[in-house]
Every structure is written in structure tokens, then in C-alpha cells.
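Engineer: When you get a sec, could you give me coordinates for this:
(2 chains)
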Protein chains: 2
Amino acid sequence: MAGNSTEPKHYAILLFEGFQALDVFGPLDALNITSLDNGIKLSIIAPTLNPVSTKPPPLPIVNLKPGWGFSESVVPTHSYDDLPTDIDVLIVPGGLGTSHCANIEPTVKLARKLYPEVKYLFSICTGSKVLAEAGLLDGKKATTNKRRYEETTRPYPQVQWQRSARWVIDGNIWTSSGISAGTDAMLAFIGMVYGREYAQAIAKRMEYRWVEDPTDDPFAAPEPSSTRGPESAYASPTSHVDLGSEGK
Amino acid sequence: MAGNSTEPKHYAILLFEGFQALDVFGPLDALNITSLDNGIKLSIIAPTLNPVSTKPPPLPIVNLKPGWGFSESVVPTHSYDDLPTDIDVLIVPGGLGTSHCANIEPTVKLARKLYPEVKYLFSICTGSKVLAEAGLLDGKKATTNKRRYEETTRPYPQVQWQRSARWVIDGNIWTSSGISAGTDAMLAFIGMVYGREYAQAIAKRMEYRWVEDPTDDPFAAPEPSSTRGPESAYASPTSHVDLGSEGK
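Structural biologist: Below you'll find the predicted structure:
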């Protein structure tokens, strides 16, 4: 693909305790592969330089089972207090950690601070809650995780939330739906930068069934009047999961 | 879902420099969510306790572009020399690092050592090269990354390689196809352990379009006689990518 001087070169992701692993590593792996052809770089920014874990901080909604020991920790390249410069694309994942307002407050502040300096803002799943809390989605169309749709969107009526969308683009802000939707959206972003055929080739390399149509959303949040119906696809298999999961 | 005493409780993944991020985090995120309902634990085993990177070691087939700085590092819980006990499920990812025999030799030896002690062995992508090199796939059906199919399978004619399969189960060994196929296979594994409905619910939480049929493989490796055809879906968009990528 032909490179050009305006294409994004520097991607940065904001982590916090309790980020969702696949929110991060679906999009980043698409970019990892893209990086083999393109001189792009990644900054991984966390509250401190200590590794940051997918394990959420203590949350009233999470009731971890005894013996729980399932999490992964990622090494940051920068801290919130010592930022890299010249970020082109700022990526904000979601995860159980977004359920705890104090936990994401530093991330909210940092997103608000960095947004005027970046070319693109990109969120996955409940990462859009961070953007909404920062006021960056006011008056804009956006989407989010569909299982936690009501509670994520309710506090932010000034956002034009989309119940049915795999991802939404409004200006230079891309918001994607739950977890794996971030991979679809990042492939679309790669397509915008390098061309559709290149994005399709990346998807093939990932052996990923990429659906290119952002309106094709099998997980769309039902209208409120129908959410209590017995046929809802969003019913939990166990009541425990309803209590404990990021709706994922 | 009803738990039982024979269900796997301890999952362990073997990392090496140059592992493919999504090989690891697709399956692990499905398990991360499963862990919210089930008392399971994860060990992340790397050559040393130092963080291990998706960046491959210097490889003759990789020609990284100037400015390349795209990789993520994960923190191990154990080293190859100080292993956890009682592993039920041993997971081996693929990635560019498998192209370097010396790089994966310790992983090959460790997989060979651990296999007799585990209940299940599970590989993603070119992770099956590690298993084949360890002799664990001799006489068995298995699959692998479809873009690097020929070079991955050729040295191991004693394996019954499957050109068309999203994943393959032979005895207690599960091998999956390239990168994102690991997520589909792990969902099937979760379905085996906790029931199909539970696996479907996990896929919905991930907003992942899970195709449950392991024979439905849109990325199947063409027979050798047809690989040079102009309509091959496996052609690279650029010659550089052919040189530089793990076929992904």
C-alpha cells in the first residue's frame, strides 16, 4: 500500500486496572500485523509504570468465585504522569474496571486532556463510557457494549447513543460495540488509512471473519420495551453472571 | 452451569518471544469471562520471569520497517525452570517467534515434558508446530495457520494435517487454525466443559460471531495444485508482507 505523510504513525492506548483483554488485543493485533509493513509505533500508557492487570479492582458488582486467579498483566511504556508526545490515535478500551468511577477517573481526565492533540480517538466496548464521562461525546453519535447498554448510556443523555451499530464514526471519534467489535472497527480504520484491500488482507492473515458493514450488528441492544421479553438474546445463563460480569 | 469435580481448573499458557497477541488473548479472554462464574486459575509460563514480548527475536524472514515499535509485553507468573503443578489444560500459541527453531526449542522441550501430566493440550495457529516438533502430534489429526500451511506442515509428514478445519480434536489434543480460530476453538472447549448454551452465552458477551462448526473454514489451505492460481485468497497484498509476516 502506498504510505503518505498524513497517515497515523503513533498509536497510544490508555490502560487501567480491570481493562478487558480482548478490547485491547483484538485491535492491537490487527495493528501488530499492519506494523510489519508500516513504520508505526505504539505507546501503552497506564496509571504508573507498574504492569496493569485485567483483574478489576474491588467492585461491588463483582463477586469473584473462590479460587479465581484468571488475569493477565501488561507492561506499560509510559505512565499517565509521563506521557509520550505526538500521539496520532488514542485508543481507550473498556472492561470491568469502567464500572468503578474512581478507577477510571484518571483515565477520563487524561482522555479529556489528550483529545485536542490527537488526530483520532477510538474506543472499544465500555471505553465509550470514559469518553462520555470526559464530555467528548456530547452531541455526537456513539455506541458501546450492548449487554451493559442501559446502564452505560443512561447517565449521558447528551450523547446520541446507537443501539444497533457494530461501530460508529462521528468526526474523528470512532466508538465500537462490545469486546470483539473493536477488532472489526480497527480493521475499518486500517482500511481508511491504507485502503480496503489491505484491511481485507489483514483480516485474512488473522483468519478473522470480518464483517465490513458497521450497521450489521447481531448484538444490537433491544428497545427498552422489549428488553424484558423471554426471548431476549441478552439473558444471562446464570444469575451469578449478571452480578459479576461486565455484561460480557 | 453445573460444575463437576473433573472439569479443568488450572489453565497454563506457554509464552515465548514473538508470540502472536491474539492467539493468546482471544482464548484467554473467553476464559477470563468464564472465570467470573468458575473457580479456575491461570498460569502464564515464560522462559524467565521477565516480561515476554510479541516482538519476535531477529529472524531472517522478518524485515521490520524503520520506526517499527509495535509490540506488547506480558508478565509471566512462572518460568520454564520453576513450573506450577497440577496443570489441567496446557495452551501453546503461535506467532512469528515459531519461525526461529532455536527460539522455540525450550518451549518444544517443555511441551513434551508436560504433556503426559495434563488433561488437555491446546494449540493456536503455528503453536501446532511446537507440538509437532515435540512429537506429540505423530499419527494424529491436527491443523495450523493456513497462510503458512505448507512450510509449517512439510517437516512433519507423520502428522495427519487437515487443510480445511477451523479446529481439530484428536484424543485430548486440540489444534486450531490461524490466530482468531483459537477463539472459536476455545469457545468449543468451554462448551465441552460447561455445556453448549454456556459457551454461546460467553460468545454473546464477547459480541463475537462464533461459528460452532469446526469444519466451516473460509481460510482453508488450497491443495498444492491450486495454490498458484490467480484467484487464491492467500495472495499477499504486497511482496513485502510475504517476506515479513507470519503469514498473517
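Engineer: Please count neighbours and contacts with C-alpha atoms only from this point.
Structural biologist: Noted.
Engineer: ok, the closest residue to residue A:179 other than its chain neighbours - contacts?
Structural biologist: Distance criterion CA to CA, 6 or more residues apart in numbering or on different chains; nearest residue to residue A:179, sequence neighbours excluded, is residue A:23 at 4.8 Å. By CA atoms under 8 Å, 6 or more residues apart in numbering or on different chains, residue A:23 lies in contact with A:93, A:94, A:95, A:124, A:125, A:178, A:179, A:180, A:182, A:183.
Engineer: Ok, residue A:140 next?
Structural biologist: A:159, A:160, A:170.
Engineer: Redo these as a markdown table? Include pLDDT, distance to residue B:209 and secondary structure.
Structural biologist: Output for these, formatted as a markdown table (pLDDT from 0 to 100; distance: CA to CA, whole Å; DSSP: H, G, I helix; E, B strand; the rest coil):
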| residue | pLDDT | distance to residue B:209 | secondary structure |
| --- | --- | --- | --- |
| A:159 | 98 | 27 | coil |
| A:160 | 98 | 26 | strand |
| A:170 | 98 | 25 | strand |
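Engineer: Of those residues, select the buried ones using a PyMOL command.
Structural biologist: Applying 16 or more other CA atoms under 10 Å in any protein chain shown to the contacts of residue A:140, the buried members can be selected in PyMOL as follows:
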select buried, chain A and resi 159
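Engineer: Same list, the contacts of residue A:140, but as TSV with distance to residue B:49 please.
Structural biologist: As requested, those are arranged in TSV below (distance: CA to CA, whole Å):
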residue	distance to residue B:49
A:159	45
A:160	46
A:170	43
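Engineer: what about the host helix or strand of the residue nearest to residue A:179, average pLDDT?
Structural biologist: For residue A:23, the host element (DSSP states H and E) is helix A:21-35. For helix A:21-35, mean pLDDT rounds to 97.
Engineer: Run through who's touching the following helix or strand past it.
Structural biologist: Sequence-wise, the next helix or strand downstream of helix A:21-35 (DSSP H and E) is strand A:41-46. The contact list for strand A:41-46, computed with CA under 8 Å, 6+ apart, reads A:9-16, A:35, A:52, A:75-80, A:83-84, B:67-71.
Engineer: What about the residues you listed, which are in helices?
Structural biologist: residue A:35 (DSSP state H).
Engineer: so which strand or helix has residue A:151?
Structural biologist: Assigned by DSSP H and E, residue A:151 falls in helix A:149-153.
Engineer: what do you get for residue A:198?
Structural biologist: Per DSSP H and E, the secondary structure element for residue A:198 is helix A:196-205.
Engineer: from the chain's centre, how far out does stretch A:194-212 sit?
Structural biologist: Here the centre of mass of C-alpha atoms in stretch A:194-212, compared against the chain's by CA atoms, centre = their mean, to the nearest Å, lies 19 Å away.
Engineer: what mean pLDDT would you report for stretch A:119-139?
Structural biologist: 98.
Engineer: what about it and chain B, any contact?
Structural biologist: No - Stretch A:119-139 is not in contact with chain B by CA under 8 Å from any CA of the partner chain; minimum separation 9.6 Å.
Engineer: Tell me which residues are up against that stretch.
Structural biologist: Counting by CA under 8 Å, 6+ apart, A:8, A:23, A:87-95, A:98, A:104, A:107-109, A:111-112, A:115, A:142-145, A:152-153, A:156, A:158-160, A:172-179, A:181-182 sit against stretch A:119-139.
Engineer: just the buried members of those?
Structural biologist: A:8, A:23, A:87-95, A:98, A:104, A:107-108, A:111-112, A:115, A:142-145, A:152-153, A:156, A:159, A:173-179, A:181-182.
Engineer: Can you name the residues that contact residue A:142?
Structural biologist: Residue A:142 neighbours (CA under 8 Å, 6+ apart): A:128, A:159, A:160, A:161, A:162, A:167, A:168, A:169, A:170, A:174, A:175, A:176.
Engineer: let's see it at 6 Å
Structural biologist: A:161, A:162, A:168, A:175 (CA atoms under 6 Å, 6 or more residues apart in numbering or on different chains).
Engineer: Residue A:167 bridge partners, please.
Structural biologist: Assessed by DSSP bridges, residue A:167 has beta-bridge partners residue A:176.
Engineer: wait, it sits on residue A:214?
Structural biologist: Yes - with contact defined as CA atoms under 6 Å, residue A:167 counts as touching residue A:214 (5.4 Å).
Engineer: Mind checking which of these two has more residues around it?
Structural biologist: Neighbour count, other CA atoms under 10 Å in any protein chain shown: between residue A:167 and residue A:214, residue A:167 has more, with 28 against 18.
Engineer: mind listing what the more buried one touches?
Structural biologist: With CA under 6 Å, 6+ apart, residue A:167 has these contacts: A:175, A:176, A:177, A:185, A:214.
Engineer: Just give the nearest non-adjacent residue to the last one, would you?
Structural biologist: Taking CA to CA, 6+ apart, and ignoring the residues beside it in sequence, residue A:214 has residue A:166 as its nearest neighbour in space, at 4.8 Å.
Engineer: related to what we said a few turns ago, and the contacts of residue A:23, which of them are in helices?
Structural biologist: Among these, the ones falling in helices (DSSP H) are A:182, A:183.
Engineer: okay, the contacts of residue A:23 in JSON lines with distance to residue B:221 next?
Structural biologist: Shown next, in JSON lines, are those (distance: CA to CA, whole Å):
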{"residue": "A:93", "distance to residue B:221": "34"}
{"residue": "A:94", "distance to residue B:221": "35"}
{"residue": "A:95", "distance to residue B:221": "36"}
{"residue": "A:124", "distance to residue B:221": "32"}
{"residue": "A:125", "distance to residue B:221": "33"}
{"residue": "A:178", "distance to residue B:221": "31"}
{"residue": "A:179", "distance to residue B:221": "29"}
{"residue": "A:180", "distance to residue B:221": "25"}
{"residue": "A:182", "distance to residue B:221": "27"}
{"residue": "A:183", "distance to residue B:221": "23"}
